[in-house]
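[1] Pasted the sequence and its predicted model underneath.
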Amino acid sequence: MLEGTLDATDGWDELVRTALLRIIGMLALAILATASVTACSKEDQPTDELMVTDNPVAATPATSPAPAVTPAGAVVSAPAASSVVVDPRSRLIAVAAAAPPAVLLYRLDDLAAPAVSVPLAGPAESLTLVREGGPVLASVSSSKQLISVRLPDGAATTVTLPAAPVAATPVGAATLVALREHKSVAVVEGDKVVRVISGGLFSSDVPFAMGDRGAVLDRVRNAIFEVDLKQGTIGAGLRAGEGSTNGVLDRFGRVLTTDTRGGALLAFSFDPLLMRQRYPVPGAPYGIAYDAKRDLAWVTLTARNEVVGFHVAGDEPRERYRLPTVGQPNSVAVDQESGRVIVASASGGGVQVMQP
C-alpha cells in the first residue's frame, strides 16, 4: 500500500516537472523572439554619425555680462545689430539694425557723420559684401526677401525667394542663399531664383562658395556639407565640432568656423572635405571675420566681451591681439585696407571701431 502510494507520487512529480519544463521553454522562446525583434528594430532605424544626440539644437551666442572694461577704440551710438560689414572702396560700414529694421551706413573715416538709413521690410539676419564697392546683400527672413543695397547711395532692389533667407554669398555671377527652415540653398541670378538645392540638411544657415564649388553650414545637424552647384545636389558632410555657428573663407580655400558650443576655432579644407585644425578658444566664440592681407581671423567671444585676432597662415592659429569690446559682440568685420576691426553690439551697445 505504501509502496503503491510512493509510485503514484513519483508519477505526479514527473508530470509537474514536464509541465514546468514546457512553460520555461515557452518563456525562453518568447524572450528570444522579443530580443530578436528589438534588435531588428534598432538595426532598421536610420543612424546619423554626424550627430551626437537624437534631439539636436543649434548653438547660439552666449549672453554677455555687463562690460567691465572700457571698449577699445571708438564707439558710435547704434541700435541693436545682427550683422556688420565694411567696404574698403566706399569707406562705409553697413550695419543691420533690428528696430526699426534698416541697413545703416556709417562713414568709416568720419564716425561722427550721420548714418544713411536704408529701411527694410523686416530685420536682416545677416549682411554680405558682394565685392569691393558693393553692393551689400541683406537677408530679410520675415519677408522672404534678399535686398541688394547699392553703395554709396543706398539704393535698394529686392529679390523674393521661395522661403526665408538667412545668409548669402556670391558665387561667380550668381548668389548662393541659405534658406534655413526650407533646409535648402537657392541659386539666384539677377532677380530670379534659378535653382533650389536640398537633401540631407536639417537646417541651412551659412553658405560658402569656392570658385564653382559650394558648401553650407547646418547648425542643427552641426555639420558642413558640400554643395554641387552643377548637379544641384547636397554632397558629403563632415561634423563641425560640438556646435558651430558662423564661418568665413580664407585665402587658402579653407572654411574657418567658430565652434561656439565646443569653444574652438576650426579649419576645414575641401576636395576632400577634411577638418585640418581645431584650436581651443574659451569664451563662446561666435562672430568671425577674415583679414586676407594680414591672414588674421577675428573672433568675438560673447561670454567675455572680447575680440581676438588669430594669425592663421601657419600650422595652427596663433593669438596676436585680444581687445575688449562693447556688450554682446555678436558680429565683426575688418577693413581690408587699414586692418581696422569693427564690432557691432546685438544689445544696443553701439558700433565699435578699433585699430589693432
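    Right, received. Where do you want to start? Because the structure is predicted, anything quoted here is derived from the model rather than measured.
[2] Now do the helices in the stretch 51-200 of the chain.
    Taking DSSP state H, counting those that start in this stretch as the criterion, the stretch 51-200 of the chain contains no helices.
[3] residue ranges with poor pLDDT in it?
    Low-confidence regions of the stretch 51-200 of the chain, defined by pLDDT under 70, span residues 51-54.
[4] switch the cut-off to 80
    Across the stretch 51-200 of the chain, the stretches falling below the confidence threshold (pLDDT under 80) are 51-55.
[5] which residue ranges form the strands in it?
    The residue ranges that make up the strands of the stretch 51-200 of the chain, judged by DSSP state E, counting those that start in this stretch, are 74-76, 81-87, 92-97, 102-107, 116-119, 126-129, 136-140, 145-149, 156-160, 165-171, 174-179, 184-189, 192-198.
[6] For these, give me TSV that also has distance to T233.
    For the C-beta atoms, the positions are set from N, CA and C on the backbone; glycine is no exception. Compiled in TSV, the strands of the stretch 51-200 of the chain are given as follows (distance: least, CB to CB, whole Å):
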stretch	distance to T233
strand 74-76	45
strand 81-87	29
strand 92-97	31
strand 102-107	33
strand 116-119	36
strand 126-129	24
strand 136-140	23
strand 145-149	23
strand 156-160	23
strand 165-171	15
strand 174-179	14
strand 184-189	11
strand 192-198	7
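[7] mind checking which of these is nearest A284?
    Taking CB to CB as the measure, these were each checked against A284, and strand 81-87 came out nearest at 17.0 Å.
[8] which parts of the closest one are buried?
    Of the residues in strand 81-87, those buried under the neighbour-count criterion (16 or more other CB atoms under 10 Å) are A81, S82, S83, V84, V85, V86, D87.
[9] Looking at the strands of the stretch 51-200 of the chain, which is nearest to H311?
    Between H311 and those, the shortest separation by CB to CB is 20.4 Å, and it involves strand 81-87.
[10] How far off centre is the closest one?
    17 Å (CA atoms, centre = their mean, to the nearest Å).
[11] what does it rub up against?
    Contacts of strand 81-87 from elsewhere in the structure, counted by CB atoms under 8 Å, 6 or more residues apart in numbering, are 92-98, 108, 123-129, 132-134, 136, 151, 330-335, 340, 342-346, 351.
[12] quick one: G349 and V326 touch, right?
    Yes - between G349 and V326 a contact is recorded at 3.7 Å, counting by CB atoms under 8 Å.
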